[in-house]
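A.B. asks: quick check, what structure comes out for this input:
(one chain, ligands or ions: 1)
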Amino acid sequence: MRDDLVLSVRDLSVTVHSDDGPAKILDHVNLELRRGEIMGVAGESGCGKSTLIRSILGILPHGAHSVTGEIQFCGENLLSMPQRRLEREIRGAAIGFIPQDPYLALNPVFTVGDQLLEILRWHGMPGESSDRRYTRSVRARHRERIIELLDAVQVPDARNALDRYPHEFSGGQRQRLLIAGAIACQPQIILADEPTTALDVTTQLQILKLLKELAARFDVSMLLVTHDFGVIGQLSDRVTIMYAGQTAEYGPTGEIINDPRHPYTQMLIRCHPDRSDELIGIPGQVPVPVSPPSGCRFHPRCPAALDICSAARPPLLYGEADRQAVACVLYSEIVS
Ligand code: SF4
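C.D. replies: Predicted structure coming up:
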């Protein structure tokens, strides 16, 4: 793995065994996250974005899937890491997670303090020995760390917030609590799964600003899953577009937004309300993973489809060094 990368996903495929047969939710997905960057992952619902996040966290439903490929994190393949190490050292510690819905993610019967302290009790504070006993002084130290974090994410009256219950906070404040939990152990990566979808527009903007500030302040890389190109444009350095479990296109955010190449990316961007006076959608639906179309999976919906598009899957073709890459026959002249 290159030194500038913190995460490298190689040829990742995830198959779920359903009643209708095997469903390939992810099909040879590749993705690279550099140190300190924010990578957006965009696509319609059902394109495999959340499955990608769950694969990295190792929380796919037990026994219901087969996973092939590699997920290299700081030089180690997470797919072959023992579960206990994954639970203790990686998930929630070296890799933080911000879920989609702050109303569901916090347990209503425990105080905010109990829930956030549990993270430090389980993983330990950065630099703390793993065989520590959970004494009063350790708990007091953890409590101070949580108060610092709540201040960092701008939760009002942080010290007293610890003794309050989730229902006493607004949606935006709950998302701030979850962000504090995600950064508690000084992660190297944060995986954010549509972190603003459940919030109103004004609060969304505040949370996006906060995420950007925290990523820079704590020097953390971020994988940001969203279907909203407004969010991508404001936050991410690069973006990966996924369609039906495959990578359709990726590159620097500015280039993808201003000069999208893949017909799916072009249509996805045109759907954003800021880009058009009319409400525009993409005709048709994302195919079910049990029986995806042959060749390019987008061909039944693609206005530019050629006869050859249904014959073979187009490879991901790269432009000049490290710029845009696109999986579409219309760009087959791009040198690989
Ligand atoms: Fe459209 Fe063909 Fe390109 Fe697929 S490969 S996006 S069907 S033109």
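
A.B. asks: going forward, measure contacts between C-alpha atoms and count neighbours the same way
C.D. replies: Fine.

A.B. asks: number of residues surrounding residue 137?
C.D. replies: When neighbours are defined as other Cα atoms under 10 Å, residue 137 has 10 of them.

A.B. asks: so it is in which element?
C.D. replies: helix 136-152 (DSSP states H and E).

A.B. asks: what's the answer for residue 215, then?
C.D. replies: helix 201-217.

A.B. asks: off-centre distance for that helix?
C.D. replies: 15 Å (Cα atoms, centre = their mean, to the nearest Å).

A.B. asks: which one is the closest residue to the ligand within the stretch 151-300 of the chain nearest to, not counting chain neighbours?
C.D. replies: Closest residue of the stretch 151-300 of the chain to the ligand, Cα to the nearest ligand atom: residue 299 (3.5 Å). Closest residue in space to residue 299, ignoring its immediate chain neighbours: residue 305 at 5.7 Å, by Cα to Cα, 6 or more residues apart in numbering.

A.B. asks: now residue 176
C.D. replies: That would be residue 153: by Cα to Cα, 6+ apart, it lies 5.8 Å from residue 176.

A.B. asks: so where do the helices sit in the stretch 101-250 of the chain?
C.D. replies: 102-105, 112-123, 136-152, 158-161, 171-183, 201-217, 229-235 (DSSP state H, counting those that start in this stretch).

A.B. asks: so which of these is the most surrounded?
C.D. replies: helix 171-183 (a mean of 24; mean count of other Cα atoms under 10 Å).

A.B. asks: who touches that one?
C.D. replies: Residues from elsewhere that reach helix 171-183, judged by Cα atoms under 8 Å, 6 or more residues apart in numbering: 92-93, 96-99, 102-103, 112, 116, 119, 146, 149-150, 152-155, 166, 190, 195, 198-199, 203-204, 207.

A.B. asks: stretch 117-126 now?
C.D. replies: Contacts for stretch 117-126 (Cα under 8 Å, 6+ apart): 88-89, 92-93, 130, 134, 139, 142-143, 146, 181, 184-186.

A.B. asks: export these to CSV and append columns for distance to residue 244.
C.D. replies: Formatted as CSV, the contacts of stretch 117-126 follow (distance: Cα to Cα, whole Å):
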residue, distance to residue 244
88, 33
89, 32
92, 28
93, 30
130, 41
134, 46
139, 46
142, 43
143, 44
146, 40
181, 32
184, 34
185, 34
186, 33
